[in-house]
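1. coords below, sequence missing:
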């Protein structure tokens, strides 16, 4: 037997029960991993609440790092003792997890378990946003909402490495300090940020807005953009964006709106390994700082989720079995 978090009903954090579960051997194509660190993400809150329906009972979580302790049939590219990480490890809130070996990546020696678990989902998100959805370059001005959040801090650093001008939004003076520390050129409050973006760009507007906040920022984000600018909506921390009349995009300057998701940008092992290779390379070289905003024992995952939902956190929250 080993320990895991099990949710048997939808609801509040009290539904997350720390309990014993049966040990199972890895199936064909799987590896069994002793979990060292687990990333906490909004999707786990949505699933706990029933916003996203999942079969119950359910062990939450997808993002973790740890050590391979057994390999299933057909796995010959990983070995016991390998350090691995994944953003697609269903049932990650546990001491041991069986995961599809093709969805794991090796962790280099110069990257810690905590850095890997803290960077897989948010780091890969930042990577695909600025490399594939809208390839950012030195000629671009970008707006990044929640600049002191997990994705915001990583995306700011990546965009600055590409030479872009970065404008972020934050909610507190403490978060402004963190965002500037990540390299943001301008840090704004959410109040009338579209007016301030116009002022900072001599009335032209930004080339792209990366928006993980959603409902409360969407309309102002559109007004922040230059003609033919890109609105990249990748999250909904403040709620889902209401139905939107697409014809308005013409009157706003032939804007582009897209709603990408990580899984479509890590669809193959080759793409996953390319992105993680670049991501871990930046972390290992010290060019990319992964901020760990808090570490909780696995049994206290409810408190971690509540802290994240309150949007008072900065960087990444981790659970440690």
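-> Structure received. All values reported here derive from a predicted model rather than from experimental measurement.
2. which residues of the stretch 151-300 of the chain fall in helices?
-> Secondary structure of the stretch 151-300 of the chain (DSSP state H, counting those that start in this stretch): helices at 173-181, 193-200, 218-223, 248-251, 269-284.
3. Those into JSON lines, with extra columns for mean pLDDT and distance to residue 85?
-> Just so you know, the C-beta spots here come from the backbone N, C-alpha and C atoms, and that holds for glycine as well. Shown next, in JSON lines, are the helices of the stretch 151-300 of the chain (pLDDT from 0 to 100; distance: least, C-beta to C-beta, whole Å):
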{"stretch": "helix 173-181", "mean pLDDT": "96", "distance to residue 85": "24"}
{"stretch": "helix 193-200", "mean pLDDT": "98", "distance to residue 85": "35"}
{"stretch": "helix 218-223", "mean pLDDT": "98", "distance to residue 85": "32"}
{"stretch": "helix 248-251", "mean pLDDT": "97", "distance to residue 85": "38"}
{"stretch": "helix 269-284", "mean pLDDT": "96", "distance to residue 85": "8"}
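4. wait, which of the ones you listed is closest to residue 83?
-> Nearest to residue 83, of all these, is helix 269-284, at 11.1 Å by C-beta to C-beta.
5. residues of the closest one that come out buried?
-> Using 16 or more other C-beta atoms under 10 Å as the test for burial, helix 269-284 gives 272, 275, 276, 278, 279, 280, 282, 283, 284.
6. want to throw those into CSV with distance to residue 227?
-> Shown next, in CSV, are the buried residues of helix 269-284 (distance: C-beta to C-beta, whole Å):
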residue, distance to residue 227
272, 35
275, 31
276, 36
278, 32
279, 33
280, 38
282, 33
283, 37
284, 40
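7. Now the two most distant members of those residues.
-> Farthest pair in those, by C-beta to C-beta: 272 and 284, 17.7 Å.
8. re the thing from before, need the helices of the stretch 151-300 of the chain in TSV (columns: distance to residue 40).
-> Shown next, in TSV, are these (distance: least, C-beta to C-beta, whole Å):
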stretch	distance to residue 40
helix 173-181	18
helix 193-200	27
helix 218-223	25
helix 248-251	35
helix 269-284	19
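9. Of all those helices, which one is nearest residue 2?
-> Once those are compared by C-beta to C-beta, helix 269-284 is nearest, at 26.9 Å.
10. Show me what that closest one packs onto, helices and strands only.
-> strand 105-106, helix 113-128 (3 or more C-beta pairs under 8 Å, 6 or more residues apart in numbering; DSSP states H and E).
11. need the contact list for residue 239.
-> 214, 215, 216 (C-beta atoms under 8 Å, 6 or more residues apart in numbering).
12. rewinding a little: let me have the helices and strands packed on helix 269-284 in JSON lines, adding distance to residue 169, mean pLDDT and mean neighbour count as columns.
-> Output for these, formatted as JSON lines (distance: least, C-beta to C-beta, whole Å; pLDDT from 0 to 100; neighbours: other C-beta atoms under 10 Å):
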{"stretch": "strand 105-106", "distance to residue 169": "32", "mean pLDDT": "97", "mean neighbour count": "21"}
{"stretch": "helix 113-128", "distance to residue 169": "16", "mean pLDDT": "96", "mean neighbour count": "26"}
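13. now these in TSV, with distance to residue 220?
-> Converted to TSV, the helices and strands packed on helix 269-284 look like this (distance: least, C-beta to C-beta, whole Å):
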stretch	distance to residue 220
strand 105-106	37
helix 113-128	22
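14. out of these, which comes closest to residue 16?
-> Nearest of the helices and strands packed on helix 269-284 (C-beta to C-beta): helix 113-128, 18.4 Å.
15. which helices and strands does that closest one pack with?
-> strand 30-39, strand 64-71, strand 83-86, helix 150-161, helix 269-284, strand 292-297, strand 316-320.
16. The contacts of residue 239 in strands, which ones?
-> Among these, no member falls in strands (DSSP state E).
17. and those residues, which are buried?
-> Using 16+ other C-beta under 10 Å, the buried members of the contacts of residue 239 are residue 214.
18. okay, the contacts of residue 239 in CSV with pLDDT and distance to residue 201 next?
-> Below are the contacts of residue 239 laid out as CSV (pLDDT from 0 to 100; distance: C-beta to C-beta, whole Å):
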residue, pLDDT, distance to residue 201
214, 93, 23
215, 95, 25
216, 96, 22
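19. In CSV: the contacts of residue 239, plus distance to residue 236.
-> As requested, the contacts of residue 239 are arranged in CSV below (distance: C-beta to C-beta, whole Å):
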residue, distance to residue 236
214, 4
215, 7
216, 10
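20. quick one: which of the contacts of residue 239 is nearest to residue 160?
-> residue 214 (24.4 Å).
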